[in-house]
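Asker: Need the 3D shape of this:
(2 chains)
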There are 2 protein chains.
Amino acid sequence: MKDDFTALWGSGLDPQSGNTLQRQLHSKIRTAILDGKLASGARLPASRVLASRLGVARITVVQAYDQLTAEGYLESRTGAGTFVAGSSPDQLLQTSKTHAAKHETPQTEYRHVLLSGMPALDQFPITIWARTTSRAMRQLNTEMMYHSDVMGYAPLRRNIADYLQASRSALCDASQIMIVSGLQQGLFLLANATLKPDAPIILEDPGYDGMLASAAATGRPVHYTSVDDHGALPPKQAGGMLVTSPSRQYPLGHTMPHSRRLEMLAWARTTDSLIFEDDYDSEFRYGGHPLNSLQGIDGGERVIYGGTFSKSLFPALRLGYLVVPRPLIERLQKFRNAIDSFPSITGQIALNAFMNDGDFTRHIRRLRMVHAKRKNLFTNFAHTHLRRFLDFQPSDAGLHLLAYTADELVKSGVKDKQLAELAQSAGIGAVPVSNTYQFAPKQQGLLMGFANLDDEKIEGAVKKFSSAIYKVLNTTTN
Amino acid sequence: MKDDFTALWGSGLDPQSGNTLQRQLHSKIRTAILDGKLASGARLPASRVLASRLGVARITVVQAYDQLTAEGYLESRTGAGTFVAGSSPDQLLQTSKTHAAKHETPQTEYRHVLLSGMPALDQFPITIWARTTSRAMRQLNTEMMYHSDVMGYAPLRRNIADYLQASRSALCDASQIMIVSGLQQGLFLLANATLKPDAPIILEDPGYDGMLASAAATGRPVHYTSVDDHGALPPKQAGGMLVTSPSRQYPLGHTMPHSRRLEMLAWARTTDSLIFEDDYDSEFRYGGHPLNSLQGIDGGERVIYGGTFSKSLFPALRLGYLVVPRPLIERLQKFRNAIDSFPSITGQIALNAFMNDGDFTRHIRRLRMVHAKRKNLFTNFAHTHLRRFLDFQPSDAGLHLLAYTADELVKSGVKDKQLAELAQSAGIGAVPVSNTYQFAPKQQGLLMGFANLDDEKIEGAVKKFSSAIYKVLNTTTN
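Answerer: Numbering: from 1, shown residues only, chains lettered A, B, ... in the order given. Modelled structure (predicted):
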């Protein structure tokens, strides 16, 4: 550490610089981590020691450390000091007792998203995005201004096809990619364009209510299939289209094993049905290995794969994509041309440039790290403060945790809808799991988002939520 | 003129400058026009005279004049010289014989749009748009990233409401504005959200086939109402929803007089129907005065007003808006939330900033001038080269002209579909008018776009189209 110390801190900080000492120090450490000079797991000098060596106030060092901790570059371990965070989510997960250091400096303010499936929006590289967008707009030409391919902007579709082949073993080329505004639009377009008016749409029960809204909007009959620990079961009846989330069943979180995937595809073949594979948050897996997509196993005959940038970038970007089996493309184009054409070229060319520059991959990689850290923090604090009330289910992927309501709470008559409100008041994105059930026996519990919480606010939020439950219980008991 | 001359040209051009002499001169004249030093109608010195005074080659002056003429700042009148173009469309229209000077300098290349309803895409201020977009993106915050108002971005909706109140006498406030991807999406959402499944949609015959596609996609019965010289007639039956274009009937171009507007509203009240007012290109009126919108007369009870930025900015922006009667808002929100949510926040905040800066108004004003000039040029050349074949109808608005096929051509068996192809091959956006008819007796003719043609290419395109028709006629006769 001594040599590193000299190499890193020797040159000192510059009080004459336009930047505050804290910002200079923050930048110095961050660069050292990114350059590999400070390796993952390396211990940083105690704030008192470093402050004295650099000739700055201790608070300057503390605040720089805190900022870096909040950003996921550093971790502080109780009683042991401050360390460079693991560079991979796996390394982060092996860190058993992690918590964020106390914080006096004001963070960039942002409203918490009170939904369970939000990524770490505070991590979005706004400056890079603005610069990239501006560059893309300067390249607007007449051809782009009257662009009229309802499949979307061709270079973006190539980028997405490359990404899916590499990361999801999807079998596709760019000609099969259709850019959509989201997966609900995807389902709506697919059902209208490819199903007979009376062909049913089969949804998972429990499942995502957004998909139910979209399926119902098509005016077609909606049926359900059950879910077990291996994800959705092959439906008992024929469906025009089955919507399923094999990577990580929503809301229960199970990954569909290979054998079940084969059963699903056999069902589709036997009943002459289509499958819409909703891969809503496949980017965020913190342990284990992702299985090949259904689409990849099927070879793209009966499976339409759907993905979204809502979770890897931000929801209001309203961009997602379908991988469409070739025989369905023309019908889909025709229907879409009638009602919507395509999402604005402006967002499409900006995203394309962002992907070209490698910024998309970099952002995903960074989010994985940040999300894994927040998941770990959240889990630890929840274990301490909430285990009496909520039974957290193990999870190695996604943006939310599932926790069933504990018996004591159920017996007290506290419903998960009320719990969700309490969680939201405490700043935690939460959805009552009972909302996701249709005919299957409703469970009580919460889907709790951990990804869009400031690291240093997690403990406070969890404690606040816990106190709120105690208060309700006391009221109920009295 | 003498004093102006000294004030304007006295300081000469700088051969040492990084810019060519032509570009310096171009910029000098342009600035003088924009600053008001060269007033509309002012005659410029003959190129020979100015070249000698400035000590530059004559070709330099000729090319600078040509460039400015192509851009709409100058006009050259045969035998009379070069003048500063009228600053208002009306002034431009009073210029009887206008044509573009011959051109040797290469223009920015852009592909012609072979559709009839395109604005002058070459005039879009790309640099300003890029700068504005970049600024808007730097202001992205977490709240915007998870923005979830299906009506659209509130500040943009306020801007649109202000614009509509001022320019279209619409009676609305921002809470009634829904941002949509276009008017076809508007109709699709409205019909699905507000009509019973078997309620018919009534379209104008002849009418816009895009609206027919959207109406058919809803699965509802589609009926038609006839069109006369006062626009659409009140339908004979009750309609769930009538779609009409009173500002400028598509394709025939008639403006619905006030008396017919009142009849339409009476029909809607009597039959308990809704009217979708498709105001697709109301921004471009070159003479006369626009009438109040149906929505404004109605007070927003039975009329949903729809407008688009496809023609005032560019089509691939995919942004338009509805003015929704208050009782329909909630149903519309619910349906839209199920299938699409809202167009990307990125385009919405960019457009909002563009409107805030006054750039939208400036651009519309500029387009009116450029379009009026191109319309005038096109009409003159068409009169010279095409009148044997096509009977051009008078028009004082919009982006295209309607011309019926002349008897000679009809008798030769040349169909408008073939004519449209010939026009497109000559670089003129053209649509066969027979395509716009359903049950009404089909007319033969063309809708020809004049707005998205380079000024200096109009004559060539018209001549090329004319020669192509002669060729076909000769083949037919032989």
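Asker: From here on, just use CA atoms for contacts and neighbour counts.
Answerer: Noted.
Asker: Please parse chain A into its domains.
Answerer: Each domain of chain A is listed here as a residue range: A:2-91, A:148-341, A:364-477, per automatic domain parsing.
Asker: Which of those sits closest to B:A215?
Answerer: B:A215 lies closest to domain A:148-341 among those, at 8.3 Å (C-alpha to C-alpha).
Asker: Could you tell me the least trusted of the domains of chain A?
Answerer: Across the domains of chain A, the stretch with the lowest average pLDDT is domain A:2-91; it has a mean of 72.
Asker: I'd like the domains of chain A laid out as TSV, including mean neighbour count and distance to B:T31.
Answerer: What follows is the domains of chain A, written out as TSV (neighbours: other C-alpha atoms under 10 Å in any protein chain shown; distance: least, C-alpha to C-alpha, whole Å):
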stretch	mean neighbour count	distance to B:T31
domain A:2-91	17	39
domain A:148-341	21	36
domain A:364-477	20	48
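Asker: could those domains go into JSON lines alongside distance to A:R131?
Answerer: Shown next, in JSON lines, are the domains of chain A (distance: least, C-alpha to C-alpha, whole Å):
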{"stretch": "domain A:2-91", "distance to A:R131": "21"}
{"stretch": "domain A:148-341", "distance to A:R131": "16"}
{"stretch": "domain A:364-477", "distance to A:R131": "19"}
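Asker: Let me know which of these is the nearest to B:L422.
Answerer: B:L422 lies closest, by C-alpha to C-alpha, to one member of those: domain A:148-341, at 21.7 Å.
Asker: and the stretch 151-300 of chain A, which of its residues are near chain B?
Answerer: Residues of the stretch 151-300 of chain A found near chain B, taking C-alpha under 8 Å from any C-alpha of the partner chain as the criterion, are A:S181, A:G182, A:Q184, A:Q185, A:F188, A:G210, A:M211, A:A213, A:S214, A:A217.
Asker: go with 6 Å
Answerer: Along the stretch 151-300 of chain A, the residues adjacent to chain B under the rule C-alpha under 6 Å from any C-alpha of the partner chain are A:Q184, A:Q185, A:A213, A:S214.
Asker: residue contacts, the closest residue to A:L446 other than its chain neighbours?
Answerer: Closest residue to A:L446 apart from its sequence neighbours, by C-alpha to C-alpha, 6 or more residues apart in numbering or on different chains: A:P432 at 4.7 Å. Neighbour list for A:P432: A:D416, A:K417, A:A420, A:G445, A:L446 [criterion: C-alpha atoms under 6 Å, 6 or more residues apart in numbering or on different chains].
Asker: Now, these that are in strands?
Answerer: A:G445, A:L446 (DSSP state E).
Asker: Generate JSON lines for the contacts of A:P432, with distance to A:D298 as supplementary columns.
Answerer: As requested, the contacts of A:P432 are arranged in JSON lines below (distance: C-alpha to C-alpha, whole Å):
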{"residue": "A:D416", "distance to A:D298": "39"}
{"residue": "A:K417", "distance to A:D298": "39"}
{"residue": "A:A420", "distance to A:D298": "39"}
{"residue": "A:G445", "distance to A:D298": "35"}
{"residue": "A:L446", "distance to A:D298": "34"}
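Asker: closest to chain B among the contacts of A:P432?
Answerer: When those are compared for distance to chain B (C-alpha to the nearest C-alpha), A:A420 comes out closest, at 19.1 Å.
Asker: and the closest residue to that closest one other than its chain neighbours, backbone torsions?
Answerer: Counting by C-alpha to C-alpha, 6+ apart, A:A430 is the residue found nearest to A:A420 once chain neighbours are left out, at 5.2 Å. According to degrees, to the nearest 10, the main-chain angles of A:A430 amount to phi -150, psi 140.
Asker: Figure out the length between the terminal residues of stretch A:37-47.
Answerer: Its start and end residues considered, stretch A:37-47 measures 19 Å (C-alpha to C-alpha, to the nearest Å).
Asker: Helix, strand or coil: sort out A:L453 for me.
Answerer: coil (DSSP: H, G, I helix; E, B strand; the rest coil).
Asker: which stretches of the stretch 101-250 of chain A form strands?
Answerer: With DSSP state E, counting those that start in this stretch applied, the stretch 101-250 of chain A shows strands at A:177-180, A:201-205, A:222-228, A:231-232, A:241-244, listed in chain order.
Asker: what's the angle from the second one to strand A:222-228?
Answerer: Put simply, strand A:201-205 runs at 30 degrees to strand A:222-228, going by axes from the mean of the first three to the mean of the last three C-alpha atoms, to 10 degrees.
Asker: got the CA coordinates for strand A:201-205 in PDB?
Answerer: Included here for strand A:201-205 are C-alpha records, laid out as PDB according to Å, rounded to 0.1, in the frame of the first residue of the first chain:
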ATOM      1  CA  ILE A 201     -54.200 -14.600 -25.300                       C
ATOM      2  CA  ILE A 202     -52.900 -16.700 -22.400                       C
ATOM      3  CA  LEU A 203     -51.100 -15.000 -19.500                       C
ATOM      4  CA  GLU A 204     -49.200 -16.200 -16.500                       C
ATOM      5  CA  ASP A 205     -51.100 -16.200 -13.200                       C
END
